[in-house]
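J.: With the input below, show me the fold.
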Amino acid sequence: MLKKKLIQVTTVLILVLFSFYYTNKTIEIIRETDPLMKQIKQASEKYEIEAKDAQIEGNKIIPGKNGKSINYEETYQKMKQYGAYNESLTVFKETKPSLSIEDTYDKFVISGNEEKKEVALVFPIYNTSEPEKIIQILNQENIVATFFVDGLWLENNLDLVKKMNNHEIEILNYNNRYEEIYFSSALQYLKNITGKQGEYCYADYDNKEVIELCSKLQMHTITPTIKITNTPYQDTKDKLQNAAIISFPINTTTEIELQTVITYIKSKGYNIVTLKTLLSESLEK
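T.: All right, here's what the predicted structure looks like:
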């Protein structure tokens, strides 16, 4: 009796599942043969943008770029409700490249995507750094920069850090050390202050110690495209390029020339953005 009942229940379930599958397939066929859906797909060619893979050469990487395609289902539903094809109701979605910087942590990021007419200004802050004047100039010029701060400096300069909340702040090291326990502690401390998770590490050169630690923590390690030395304005003028990460030392020379550097970058048609914006593969600004 029990066996017979189980067979009956199983049979009913199979019929229900088959009916559900058949109904869905029928709806799908009707939708795909609908002249509206055909019109939507015919128009897709002028909208679609192919995603571009990140570029890898040796141990270095440059971000790729997301593509764009039509979300057929959502577009169809909107236009069906409207009652006719309406281009303004098209719904888009971004498509990720096969090889993305988002999934790659063991390479040094040396710039943003070269299609971007943007640059990011980066300032490493060490234990003895005094960035107040730099921050003042940036704020006066309404420029957002990325600061890589030493963990010990962070602990000793909380009042100043709170005044930097309009800038991007990342951890540089802890008292010039890269032991995981100290670095992770500094990351957590920064998160407690800013509410944001650290995403980037900084290395002046191909530093194995830095990239091994940061890739383990699933953070990207950047090395500057342009490393400013003693002549900020001249270095920038000679080397400025699309999507450059420009690293400045915090010293008197930078304080004197930074405003002129910013003016020059803007005069060449570049937008100055945060590191996160520069390295994003998204189509959105």
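J.: all strands for this structure, in order.
T.: Using DSSP state E, the strands of the chain run over 55-57, 60-62, 67-70, 92-95, 108-109, 118-125, 146-150, 168-173, 200-202, 220-222, 226-227, 244-247, 271-273.
J.: So which of those is nearest Asp34?
T.: Nearest to Asp34, of all the strands of the chain, is strand 67-70, at 15.1 Å by Cβ to Cβ. Just so you know, the C-beta spots here come from the backbone N, C-alpha and C atoms, and that holds for glycine as well.
J.: Going by contacts, tell me the helices and strands next to that closest one.
T.: Strand 67-70 sits against strand 92-95, with contacts defined as 3 or more Cβ pairs under 8 Å, 6 or more residues apart in numbering; DSSP states H and E.
J.: Now do the strand it packs on: everything it contacts.
T.: Contacts with strand 92-95, where a contact means Cβ atoms under 8 Å, 6 or more residues apart in numbering, come from 47, 51, 66-71, 282-284.
J.: tell me the mean pLDDT for that strand?
T.: If you average the pLDDT over strand 92-95, you get 85.
J.: Mind listing the strands it pairs with, and their directions?
T.: The strands beside strand 92-95 in its sheet (DSSP bridges) come out as strand 67-70 (antiparallel).
J.: Buried ones among the contacts of strand 92-95?
T.: Buried members of these, counted by 16 or more other Cβ atoms under 10 Å: 51, 66-67, 70.
J.: which of these lies closest to Val149?
T.: Asn66 (30.5 Å).
J.: Give me the residues contacting stretch 198-214.
T.: 59, 105-108, 122, 124, 146, 148, 170-172, 178, 180, 183, 187, 190-191, 219-224, 227, 247, 275-276.
J.: PyMOL command for the buried members of those?
T.: Buried residues within the contacts of stretch 198-214, by 16+ other Cβ under 10 Å, are selected in PyMOL with:
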select buried, resi 105+107+108+122+124+146+148+170+171+172+178+183+187+190+219+220+221+222+223+224+227+247+275
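J.: what residues are up against Gln241?
T.: Gln241 neighbours (Cβ under 8 Å, 6+ apart): 111, 114, 225-226.
J.: okay, who's weakest in those by pLDDT?
T.: Checked by pLDDT, these have Glu114 as the lowest-scoring entry (92).
J.: Pull the number of nearby residues for that one.
T.: 13 (other Cβ atoms under 10 Å).
J.: still on that earlier bit, adding distance to Thr33, write the strands of the chain out as CSV.
T.: Listed next are these as CSV, based on distance: least, Cβ to Cβ, whole Å:
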stretch, distance to Thr33
strand 55-57, 42
strand 60-62, 44
strand 67-70, 18
strand 92-95, 23
strand 108-109, 47
strand 118-125, 45
strand 146-150, 52
strand 168-173, 51
strand 200-202, 50
strand 220-222, 47
strand 226-227, 56
strand 244-247, 51
strand 271-273, 46
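J.: out of these, nearest to Glu132?
T.: Glu132 lies closest, by Cβ to Cβ, to one member of the strands of the chain: strand 118-125, at 10.9 Å.
J.: Parallel or antiparallel, list what pairs with the closest one.
T.: Here, using DSSP bridges, strand 118-125 pairs with strand 146-150 (parallel), strand 244-247 (parallel), strand 271-273 (parallel).
J.: can you list those in a markdown table and add mean pLDDT and distance to Thr75?
T.: Supplementary listing: these in a markdown table, determined by pLDDT from 0 to 100; distance: least, Cβ to Cβ, whole Å:
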| stretch | mean pLDDT | distance to Thr75 |
| --- | --- | --- |
| strand 146-150 | 97 | 38 |
| strand 244-247 | 98 | 38 |
| strand 271-273 | 96 | 31 |
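J.: follow-up on the earlier one: if we take the buried ones among the contacts of strand 92-95, which one ends up nearest to Gln259?
T.: Checking the buried ones among the contacts of strand 92-95 against Gln259 by Cβ to Cβ gives Asn66 as the nearest, at 35.0 Å.
J.: Name all residues that make contact with the closest one.
T.: 51, 94-97, 281-283.
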